[in-house]
Each structure stands twice: as C-alpha cells, then as structure tokens.
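Chemist: Return a 3D structure for these sequence lines:
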Amino acid sequence: MKPGKTGLTRIIHATGYSWAGLKAGYRHEAAIRQETWALAASLPLAFWLGEDALDYALLIGSVLFLMLVELLNSAIEAIVDLASPEKHELAGRAKDMGSAAVLFAVLLTLTTWALVLWG
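Modeler: As a prediction, the model looks like this:
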C-alpha cells in the first residue's frame, strides 16, 4: 500500500486537487469555460424539459460526460506541450485524438438531447 494520506484526509485533499483542476481548466481553456456555461444552462433545462429521472440523468449526464472528456483532452494537451514545445508527429497525433474524443462527446450530447426531447 502506498504511504500517504488516508480516509477523510485523503478525500479532502483529493477534492482540493479536483477543484484546482477545474479552476485551472476554466482559467486557461476557452472550451472548458463554454462547456461550464452549457452545463449551468443544461441543469435547469433538463429538469424543465425532461419527463422523469431517466431523462434527467441522460440530459445532465451527457453534458457532464462532455465536460469530463474536455478536461481530459486539456490535460493531454498540457502534458504534450510540457514534454516538448516542438512540433512532433506523435504530439500532434495525441492532440488530434483528444480532439476527436471531444467531437464524439459533443455528438453524443447532441444526440442524447435530440432523442430525449424529440424521440
């Protein structure tokens, strides 16, 4: 077992690290700022437009999933830039794959909202 914080102390510290990651993403990434506002708008919309708990879960969950993928994509981009500021085929491939993952998350979110609302 890895030595370090355990129990409630670990949870408190992990929450602080997560909050720091969200703040950094919001501060440095326009896409995360946009998706944060989309999430804020989608929460009341989901409860207004959805008909039951499943609708709420799908509508809100799809936007949360998009945020998750965007945060991971931003983390990939940051670590690639740190590893080498020079252009490299593998660095470009990693960034492009992260971007493709975001595209699929956007498509999933749009499809979910369309199917729940008009399906």
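Chemist: Only C-alpha atoms from now on, for both contacts and neighbour counts.
Modeler: OK.
Chemist: can you map out the helices along this structure?
Modeler: In the chain, the helices defined using DSSP state H lie at 7-28, 30-49, 53-83, 89-118.
Chemist: relative to helix 7-28, how tilted is the shortest one?
Modeler: Computed by axes from the mean of the first three to the mean of the last three CA atoms, to 10 degrees, the angle separating helix 30-49 from helix 7-28 equals 110 degrees.
Chemist: where does this protein dip in pLDDT?
Modeler: 1-2 (pLDDT under 70).
Chemist: how about 90 then?
Modeler: 1-8, 84-86, 119 (pLDDT under 90).
Chemist: residues contacting residue 113?
Modeler: Contact partners of residue 113, counting by CA atoms under 8 Å, 6 or more residues apart in numbering, are 58, 59.
Chemist: distance of it from residue 83?
Modeler: 38 Å (CA to CA, to the nearest Å).
Chemist: okay, now residue 68: neighbour count?
Modeler: 15 (other CA atoms under 10 Å).
Chemist: how near is it to residue 49?
Modeler: Residue 68 is 23 Å from residue 49, by CA to CA.
Chemist: Which positions within stretch 38-48 qualify as buried?
Modeler: Residues of stretch 38-48 classed as buried by neighbour count (16 or more other CA atoms under 10 Å): 39, 42, 46, 47.
Chemist: do stretch 24-40 as well
Modeler: Buried residues in stretch 24-40 (16+ other CA under 10 Å): 25, 26, 32, 33, 35, 36, 39.
Chemist: still on that earlier bit, just name the most buried of the helices of the chain.
Modeler: Among the helices of the chain, helix 53-83 has the highest mean neighbour count (mean count of other CA atoms under 10 Å), at a mean of 18.
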